[in-house]
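> Using only what follows, build the 3D model:
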Amino acid sequence: MSRIHATAIIHPKAQLGANCEVGPYCVIGEHVTLGEGCQLHSHVVIDGHTRLGKRNEIFPFASIGLKTQDLKWKGGVTRTEIGDDNTFREYVTVHSATGDGETTIVGTHNHILAYCHLAHNVTLGNHNIMSNVATLAGHVTVEDYAVIGGLAAIHQFCRIGRLAMVGGCSKVVQDVPPFMMADGNPAETRTINKVGMERNGVSEEGQAALKLCYKILFREGLTISNALVKIEKEVPPLPEVQHLLNFVRTSERGISK
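The predicted structure follows:
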């Protein structure tokens with residue numbers, strides 16, 4: 001049985017899993033599905049074609065799944081898909097996608113702090129932390145285990161790599177490579193994310209290899225293509241190194257240097 005406060009407004013066609021809690025003055029729309037054990041504290045609005053997985057916790061005045069702010073909106077069915085075990089703190093906004101048939105995606109075990117914004121067509125992976133007032137513009141992709149500092153702003157179509165860290169108040173206009181730390185306005189890659197790698201089990205060999213990658217990419221004055229060739233020749237082909245190389249090769253906006 002779910003526990004639903006008497007003041008909550010839930011569309012009769014909305015689907016709630018077992019053991020959900022819906023607090024005072026929450027509003028849940030017609031096409032919303034909540035997985036088992038979700039908790040909405042109070043004054044939460046979830047609308048649009050929105051699906052949440054299990055055990056998501058949503059704090060007061062958060063808004064999830066509503067229409068994009070993108071002026072290219074032409075109507076149609078757009079979706080918001082959210083995984084399990086996420087936290088959405090006060091005043092977080094997660095908007096649906098822009099184009100008919102498109103989706104805004106949030107993975108699992110993300111910790112999204114107060115006033116953060118996830119715009120249309122964002123893809124947020126797993127185990128990420130967004131500190132207060134961090135903003136992801138449209139079509140931003142964040143891989144896994146990244147940390148985005150408070151008041152940081154990520155430009156449209158940028159990517160934040162796995163285990164990357166973005167400093168507070170940074171303005172990110174190009175991709176932040178995995179395993180690196182970026183900071184500034186505009187953001188520049190400063191060093192490897194050593195603490196993040198240690199906490200998440202990257203071996204000492206892997207950390208040493210990535211440190212060498214950082215020096216070649218960002219400190220030797222090489223073009224990106226020449227730096228990648230040198231890394232392939234001089235750095236052990238560990239999985240972390242291969243992931244970094246693939247990320248840089250597939251960058252469309254360039255990387256934050």
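> buried set for the helix or strand where residue 246 lies?
Element membership of residue 246, judged by DSSP states H and E, is helix 239-249. Residues 240, 241, 243, 244, 245, 247, 248 are the ones in helix 239-249 that count as buried (16 or more other CB atoms under 10 Å). Every residue, glycine included, has its C-beta placed from N, CA and C.
> cool, and stretch 88-104?
For stretch 88-104, a neighbour-count test (16+ other CB under 10 Å) marks 88-99, 102-104 as buried.
> rewinding a little: quick one: the helix holding residue 246 to chain centroid distance?
Counting by CA atoms, centre = their mean, to the nearest Å, helix 239-249 is centred 19 Å from the centre of its parent chain.
> How about stretch 199-217?
With CA atoms, centre = their mean as the basis, stretch 199-217 stands 23 Å off its chain's centre.
> Stretch 129-146 now?
On CA atoms, centre = their mean, the centre of stretch 129-146 falls 4 Å from that of its chain.
> now stretch 88-104
Remark: stretch 88-104 is offset 11 Å from the chain centroid, using CA atoms, centre = their mean.
> and the end-to-end length of that stretch?
15 Å (CA to CA, to the nearest Å).
> got a list of contacts for the helix holding residue 246?
With contact meaning CB atoms under 8 Å, 6 or more residues apart in numbering, helix 239-249 is reached by 159, 161-162, 175, 177-179, 202, 206, 209-210, 213, 217, 224, 228, 231-232, 235, 255.
> can you rerun that using 7 Å?
161-162, 177-179, 202, 206, 209-210, 213, 224, 228, 231, 235, 255 (CB atoms under 7 Å, 6 or more residues apart in numbering).
> And residue 198, its phi and psi?
With angles defined as degrees, to the nearest 10, residue 198 sits at phi -60, psi -40.
> quick one: contacts for residue 154?
135, 136, 137, 140, 160, 172 are the contacts of residue 154 under CB under 7 Å, 6+ apart.
> check contacts around the second one.
Think residue 136. By CB under 7 Å, 6+ apart, the residues touching residue 136 are 117, 118, 119, 122, 142, 154.
> Look up phi and psi at it.
Here is the backbone geometry of residue 136 (degrees, to the nearest 10): phi -110, psi 120.
> For residue 167, see how far away it is.
According to CB to CB, to the nearest Å, residue 136 and residue 167 sit 16 Å apart.
> ok, now the third one?
The spacing between residue 137 and residue 167, counted by CB to CB, is 18 Å.
> What of the fourth one?
The spacing between residue 140 and residue 167, counted by CB to CB, is 17 Å.
> same check, this time on the first one
As defined by CB to CB, residue 135 lies at a distance of 14 Å from residue 167.
> moving C-terminal of the helix of greatest length in the chain, what's the next helix or strand?
For the chain, the longest helix by residue count, based on DSSP state H, is helix 204-218. Using DSSP H and E, the helix or strand that follows helix 204-218 towards the C-terminus is helix 224-234.
> helices and strands around that following helix, which ones?
With contacts taken as 3 or more CB pairs under 7 Å, 6 or more residues apart in numbering; DSSP states H and E, helix 224-234 sits against helix 204-218, helix 239-249.
> I'd like these as TSV, with distance to residue 18 appended.
Formatted as TSV, the helices and strands packed on helix 224-234 follow (distance: least, CB to CB, whole Å):
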stretch	distance to residue 18
helix 204-218	42
helix 239-249	38
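> closest one to residue 192 among these?
Smallest distance to residue 192 across these (CB to CB): 5.2 Å, for helix 204-218.
> Residues in contact with the closest one: which ones?
179-180, 189, 191-192, 194, 197, 222, 227, 230-231, 235-236, 238, 240-241, 244, 257.
> Compute the number of surrounding residues for residue 121.
25 (other CB atoms under 10 Å).
> got the contact list for residue 251?
Contacts of residue 251 (CB under 7 Å, 6+ apart): residue 175.
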